[in-house]
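Trainee: generate a structure from the sequence data that follows.
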Amino acid sequence: MTLSTTWTTRVWLGAVLLLSGALAMATEEPRYQTLQTTADYELRRYEPYRVAEVEVRGDFEKVGSEAFRILAGYIFGDNQGGLKIEMTAPVSQRPAAVGTRLEMTAPVTQHQTEAGTETYVVSFVMPERFSLETLPRPNNPRIVLRVEPASRVAARRYSGSWSEARYRDEERRLLHALQRDGLKPRGASVYARYNSPFSLPMFRRNEILVPLAD
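Mentor: Numbering: from 1, shown residues only. Below you'll find the model as predicted:
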């Protein structure tokens with residue numbers, strides 16, 4: 001086993017163990033204000049927050065593993081200065097076309113750019129104590145650090161499977177409810193995960209997040 005392989009293995013195993021605890025406890029999430037609650041969704045106003053994100057190509061249900069290894073390496077010290085960064089929630093995934101990258105927090109979000117293409121952006125939310133200037137620069141050039149601006153978002157929460165079929169079903173329900181209520185989406189839906197892969201599906205907090213036009 002080479003040194004590089006050993007490092008990758010340690011990062012992957014360490015991140016999985018940390019994710020099991022940190023995301024289950026959801027120690028920190030982006031700040032938001034609840035504006036309205038309906039039977040189908042919650043209307044939120046998010047404050048700006050920082051993210052670390054990476055673009056990956058592949059199957060909807062498999063790209064998360066590749067992205068997670070890259071981002072976990074960054075927060076475990078693969079950055080200029082070797083600083084370790086605490087895990088937050090959620091981890092998010094979304095289509096790359098929207099241009100919103102990912103950070104290491106919870107949930108994890110995923111989305112697809114266009115029909116027929118399979119490029120996704122996966123993000124980790126960065127802890128609130130960091131500004132964009134004080135976040136350590138990643139050694140991996142694929143990782144992008146950026147500020148997610150303040151936004152109004154419709155969030156639909158559900159438990160259970162992380163399958164694409166379940167995600168698409170919940171997304172359809174949310175988009176139908178927004179159309180009914182006269183709310184217009186702005187950009188692609190985001191798939192957010194707040195729990196570890198080892199959590200029982202019935203106890204998982206999953207969300208579909210749809211940015212809205214103001």
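
Trainee: so, low pLDDT: which residues of this protein?
Mentor: Scanning the chain for pLDDT under 70 picks out 1-27, 97-117.

Trainee: which residue is nearest the centroid of it?
Mentor: Central residue of the chain (CA atoms, centre = their mean): Ser92, 1.5 Å from the mean position.

Trainee: any figure for the gap between that residue and Pro211?
Mentor: Distance of Ser92 to Pro211, given as CB to CB, to the nearest Å: 12 Å. Where C-beta positions appear, they are placed from N, C-alpha and C, glycine not excepted.

Trainee: what's the overlap in contacts for the two?
Mentor: Overlap of the contact sets of Ser92 and Pro211 (by CB atoms under 8 Å, 6 or more residues apart in numbering) consists of Val190.

Trainee: circling back to that earlier point, does the residue nearest to the centre of the chain count as helix, strand or coil?
Mentor: Classification of Ser92 using DSSP: H, G, I helix; E, B strand; the rest coil returns strand.

Trainee: who does it form a beta bridge with?
Mentor: Counting by DSSP bridges, Ser92 is bridged to Ala192.

Trainee: that one reaches Val122, doesn't it?
Mentor: Yes - contact criterion CB atoms under 8 Å: Ser92 and Val122 qualify, at 7.1 Å.

Trainee: burial of the nearest residue to Arg142 once chain neighbours are set aside, as a residue count?
Mentor: Leaving aside its chain neighbours, Arg142 sits nearest to Val54 (5.1 Å; criterion: CB to CB, 6 or more residues apart in numbering). By the measure other CB atoms under 10 Å, the count of residues near Val54 is 24.

Trainee: residues contacting Val54?
Mentor: By CB under 8 Å, 6+ apart, the contact set of Val54 is Ala67, Ile70, Leu71, Arg101, Leu102, Val121, Val122, Asn140, Arg142, Ile143, Val144.

Trainee: and those residues as a markdown table, adding neighbour count and distance to Tyr41?
Mentor: A markdown table is the format used below for the contacts of Val54 (neighbours: other CB atoms under 10 Å; distance: CB to CB, whole Å):
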| residue | neighbour count | distance to Tyr41 |
| --- | --- | --- |
| Ala67 | 26 | 26 |
| Ile70 | 21 | 31 |
| Leu71 | 28 | 28 |
| Arg101 | 22 | 24 |
| Leu102 | 33 | 22 |
| Val121 | 30 | 22 |
| Val122 | 31 | 23 |
| Asn140 | 13 | 35 |
| Arg142 | 13 | 33 |
| Ile143 | 24 | 31 |
| Val144 | 17 | 29 |
